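Asks: got a predicted structure plus its sequence, pasted below:
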Amino acid sequence: MNENAFDPTAWARLEGPSPMPGVEDRTEDRFSAWWDDAASAQIGVVGSPNSTERMSADILMDKTKESLVGEWVAIPFMQDGVDTLTVGQIMSVEMRNDLLEGTTARSVVSRLGKVPASASEDLYRAEIQVTATFARSSKEHSGAVLPSMMGTVPPSGTPVCLVDNAFIERLFAKQTDDLFFLGTAYSGAKGRRILLPTWVRHFRSGEGGAGDTYHMGIFGKTGSGKSVLAKLLLLGFARHPETSVFVLDPQGEFSRDAWNLPSSDEGFRLKWGEVAEKHFRKRLILVPLRNLVLDSWDLFKDVIGQAVLFQWLGYPRGEKRALAAELLSVHLQKGGFALRELASREAFDEVGKAVCDENFVRRIYATSESATAKLQQAVGYWEVPSMKEDLWRAWSSMASLFDDKRPGTVSVSALVEEVVTGGKVVVVNLSREGLEAGTSIAAGSHNILWNEEIQGMLILRLLSSLRERGEIAYLKGKRLNTMVILDEAHRFIPRGTLDGQKEAIRDLLVEASRETRKYGIGWLLVSQTLASLHQEVVSQLRVLLVGYGLNAGSELQALRELSGGDQRAVSIYQRFPDPHAALEPSSREYNFMLLGPISPLAFSGQPLFLSAFTDPHSFLFANGLEGGSSEPA
């Protein structure tokens with residue numbers, strides 16, 4: 001054998017002289033520090049050409065039949081005299097056979113119907129996206145593994161080896177407590193998928209902290225696994241003692257699954273609320289929307305405008321009804337009534353005195369004829385007992401929204417204070433269940449006025465109060481440590497023209513995405529769409545997790561832009577299978593493209609690919625939470 005020829009047998013054993021001429025220090029003697037069995041881990045060698053961002057590897061002949069796209073590999077080399085290791089993901093595999101590139105060879109093959117043995121010179125090459133580089137510090141500095149940068153390229157012939165869980169464990173041995181696992185690295189080889197390490201850090205400095213506030217987004221079609229991933233991230237934040245999580249739950253899913261298992265046998269059967277309390281000592285507060293108490297006179301003026309009282313009195317919507325609400329608010333406050341007392345008969349009688357007063361009516365209607373007609377209409381209602389009783393029911397249904405004496409209720413300001421004081425998980429059920437299943441109904445207040453407009457007012461009040469509380473802390477030189485999860489975010493922050501409460505909520509959320517980071521308030525938005533979400537909010541997201549379904553039209557274009565035009569990454573995303581196309585429910589996969597600094601395997605936020613846990617026991621075990629509440633699948 002030619003002494004300069006490549007010897008794959010010697011290379012696989014990591015024995016003998018350098019297998020390729022000109023390659024002297026391959027650091028093979030250092031492999032044992034990274035792999036249990038470097039020979040079995042090796043799948044190829046560094047080929048050519050290469051750069052510090054993308055590398056190519058020539059795949060060993062006995063590895064060409066293995067599924068490699070999506071696999072994680074590591075390449076050890078020397079840089080500045082230091083043991084260095086670069087890590088990356090195989091983005092594509094191509095096969096070339098130079099003997100068959102010519103027209104004559106193709107003609108021969110077409111006639112024979114097969115490739116002659118003498119022409120079987122297929123060469124397989126893997127394209128690797130470099131995502132992170134590590135260097136081992138000197139012995140004087142304990143030999144720790146530290147983040148580095150790839151300032152040069154490993155020489156051709158350097159081994160390329162598969163990464164496994166044992167490798168990840170060794171590499172991040174000193175960061176074990178800081179890692180959180182949401183699933184495995186996506187690849188075609190299901191049997192050897194590795195746990196994908198991720199950061200889920202709180203917003204302060206110190207242990208487990210990022211030292212900065214950041215916003216996140218989870219996107220994907222219905223059924224892509226968004227809500228499950230959001231609950232896993234919720235637990236990731238909840239494990240930090242001083243971090244609070246505030247969930248706005250439009251569909252009631254977080255509220256139902258906190259303690260009760262999903263009704264469907266195909267659900268991710270994990271009681272996340274029990275895990276949060278048992279393992280992280282979190283206080284869990286579940287609040288049906290109907291149990292929230294409105295707590296400001298400004299809200300009173302908005303709500304009275306929606307109530308039927310002024311409608312029955314003939315006050316049209318718009319300027320006149322707004323003026324009437326303002327005057328009635330002032331009148332009641334001057335009368336010494338607190339918000340909690342508005343549902344009393346005494347307050348109702350005071351309302352009657354006001355609307356039946358000529359001076360009150362004339363301040364609303366400029367012409368004497370209109371004022372006289374409205375005054376007569378009001379007096380007529382109050383003088384007829386049956387009509388007055390109808391007005392009383394209409395008034396009390398509205399005024400009960402401000403009554404904090406109802407059992408089980410909590411004011412908006414008190415709830416927000418619970419959120420920001422730290423160490424709690426607060427979920428507000430915004431769904432129809434939240435309206436129908438509140439304790440206020442059990443208390444007999446079934447006639448409370450409630451509609452979408454009032455829902456919007458209360459959501460707006462929650463968000464405004466949270467932002468105001470963050471601003472107060474900021475002005476005192478403090479920062480909160482709160483992650484807000486907004487499910488169905490596309491309902492609240494769409495592009496396009498809105499009006500009324502919807503526009504006010506959208507504008508507040510857009511403004512909050514810009515301002516609340518300095519207050520220590522981060523946002524996790526969960527949405528079915530990426531392209532239809534307000535562009536300014538999307539631009540503020542630091543970490544994105546994109547599930548199946550956004551692979552066409554404007555959604556795909558938005559994904560391309562966010563991934564920096566990385567077509568190889570987009571191509572892998574487009575190959576994600578539809579979870580519901582699986583032959584069996586148990587074989588469904590919920591895959592996500594990860595963008596941003598969410599993993600120690602991607603310093604610069606290059607796209608990564610995650611297969612989220614589908615089995616709660618795997619999630620609990622991977623994160624050291626065995627014994628958490630779940631139901632056998």
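Replies: Great, that's in hand.
Asks: give me the next element, helix or strand, following the least confident helix or strand in the chain by mean pLDDT.
Replies: Within the chain, no helix or strand scores below helix 439-442, which has a mean of 32 by mean pLDDT, DSSP states H and E. Next along the chain after helix 439-442, taking DSSP states H and E as the criterion, comes helix 452-475.
Asks: now for that next one, which elements pack on it?
Replies: When contacts are defined as 3 or more C-beta pairs under 8 Å, 6 or more residues apart in numbering; DSSP states H and E, helix 452-475 packs onto strand 244-249, helix 297-304, helix 412-420, strand 482-486, helix 500-515, strand 521-527. C-beta: built from backbone N, CA, C; applies to glycine.
Asks: return the set of buried residues in the longest one.
Replies: Of the residues in helix 500-515, 501-502, 504-506, 508-510, 512-513 count as buried by neighbour count, 16 or more other C-beta atoms under 10 Å.
Asks: same thing with the second one?
Replies: Applying a neighbour-count criterion of 16+ other C-beta under 10 Å, one finds 299-304 buried in helix 297-304.
Asks: which residues are contacting that helix?
Replies: 294, 310, 322, 325-326, 328-329, 333, 339, 342, 398, 401-402, 449, 454, 457, 461 (C-beta atoms under 8 Å, 6 or more residues apart in numbering).
Asks: for the very next helix or strand once past that helix, packing partners?
Replies: Tracing the chain past helix 297-304, the next element assigned as helix or strand by DSSP H and E is helix 308-312. Applying 3+ C-beta pairs under 8 Å, 6+ apart, we find helix 308-312 packed against helix 319-334, helix 385-399.
Asks: what about dumping the CA coordinates of the shortest one to CSV?
Replies: Backbone C-alpha positions of helix 385-399 (Å, rounded to 0.1, in the frame of the first residue of the first chain) are rendered in CSV as follows:
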residue,chain,number,x,y,z
PRO,A,385,-92.4,50.4,40.0
SER,A,386,-92.0,47.6,37.4
MET,A,387,-89.9,49.8,35.1
LYS,A,388,-87.8,51.0,38.1
GLU,A,389,-87.2,47.3,39.1
ASP,A,390,-86.0,46.6,35.5
LEU,A,391,-83.6,49.5,35.8
TRP,A,392,-82.4,48.2,39.2
ARG,A,393,-81.6,44.8,37.7
ALA,A,394,-79.7,46.4,34.9
TRP,A,395,-77.8,48.7,37.3
SER,A,396,-76.9,45.9,39.7
SER,A,397,-75.6,43.6,37.0
MET,A,398,-73.2,46.3,36.0
ALA,A,399,-72.3,47.6,39.5
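Asks: report the angle between that helix and helix 452-475.
Replies: 40 degrees (axes from the mean of the first three to the mean of the last three C-alpha atoms, to 10 degrees).
Asks: which neighbouring elements make contact with helix 385-399?
Replies: Under the contact definition 3+ C-beta pairs under 8 Å, 6+ apart, helix 385-399 sits against helix 308-312, helix 345-355, helix 368-383.
Asks: buried sites along it?
Replies: Here helix 385-399 shows 391-392, 394-399 as buried, counting by 16+ other C-beta under 10 Å.
Asks: try stretch 611-627
Replies: Buried residues in stretch 611-627, counting neighbours by 16+ other C-beta under 10 Å, are found at 611-614, 616-617, 619-620, 622-623, 625.
Asks: same question for stretch 45-62.
Replies: 45-47, 50, 55-60.
Asks: which among those gets closest to Val384?
Replies: Of all the buried residues of stretch 45-62, Val384 sits closest to Met55, with 87.0 Å by C-beta to C-beta.
Asks: which is the succeeding secondary structure element to the helix or strand harbouring Ala74?
Replies: Here Ala74, judged by DSSP H and E, is contained in strand 72-79. With elements assigned by DSSP H and E, the helix or strand that comes after strand 72-79 is strand 82-96.
Asks: what about that next one, distance to the chain center?
Replies: Centre-to-centre, strand 82-96 and its host chain are 29 Å apart (C-alpha atoms, centre = their mean, to the nearest Å).
Asks: do stretch 556-571 as well
Replies: Remark: stretch 556-571 is offset 19 Å from the chain centroid, using C-alpha atoms, centre = their mean.
Asks: same thing with stretch 534-549?
Replies: Relative to its chain's centre, stretch 534-549 lies at 9 Å (C-alpha atoms, centre = their mean).
Asks: first-to-last residue distance for it?
Replies: 19 Å (C-alpha to C-alpha, to the nearest Å).
Asks: likewise stretch 586-594?
Replies: 24 Å.
Asks: could I get the buried residue list for it?
Replies: Result for stretch 586-594 [16+ other C-beta under 10 Å]: buried residues 588-594.
Asks: got it, and stretch 87-107?
Replies: Here stretch 87-107 shows 87-91, 93, 100, 105 as buried, counting by 16+ other C-beta under 10 Å.
Asks: which of the residues you listed scores worst on pLDDT?
Replies: Least confident of the buried residues of stretch 87-107 in the model: Ala105, at 66.
Asks: nearest to Arg269, of the helices and strands packed on helix 308-312?
Replies: Minimum separation from Arg269 across the helices and strands packed on helix 308-312 (C-beta to C-beta) falls at helix 385-399, 39.7 Å.
Asks: low-confidence stretches in the stretch 101-250 of the chain?
Replies: When residues are selected by pLDDT under 70, those of the stretch 101-250 of the chain lie in 102-106, 109, 111, 114-120, 138-143, 188-191.
Asks: so where do the strands sit in it?
Replies: Under the criterion DSSP state E, counting those that start in this stretch, the stretch 101-250 of the chain contains strands at 123-136, 145-148, 159-162, 179-185, 195-199, 216-219, 244-249.
Asks: what's the second one packed up against?
Replies: Where contact means 3+ C-beta pairs under 8 Å, 6+ apart, strand 145-148 is packed against strand 82-96, strand 123-136.
Asks: contact partners for the closest residue to Ala504 other than its chain neighbours?
Replies: Leaving aside its chain neighbours, Ala504 sits nearest to Leu460 (5.6 Å; criterion: C-beta to C-beta, 6 or more residues apart in numbering). Going by C-beta under 8 Å, 6+ apart, Leu460 touches 501, 504-505, 508.
Asks: and the helices and strands packed on helix 308-312: which comes nearest Tyr365?
Replies: Per C-beta to C-beta, nearest to Tyr365 of the helices and strands packed on helix 308-312: helix 319-334, 7.3 Å.
Asks: buried stuff in the closest one?
Replies: Neighbour counts over helix 319-334 (16+ other C-beta under 10 Å) mark 320-322, 324-328, 331-332 as buried.
Asks: ok, so of these, who is nearest His215?
Replies: The shortest approach to His215 among the buried residues of helix 319-334 belongs to Ala322, at 35.3 Å (C-beta to C-beta).
Asks: wait, the closest one sits on Gly305?
Replies: Yes. Applying C-beta atoms under 8 Å as the test, Ala322 and Gly305 come out as touching, 6.3 Å apart.
Asks: now for the strand holding Ala74, which elements pack on it?
Replies: The contact analysis (3+ C-beta pairs under 8 Å, 6+ apart) places strand 72-79 against strand 82-96, strand 123-136, strand 159-162.
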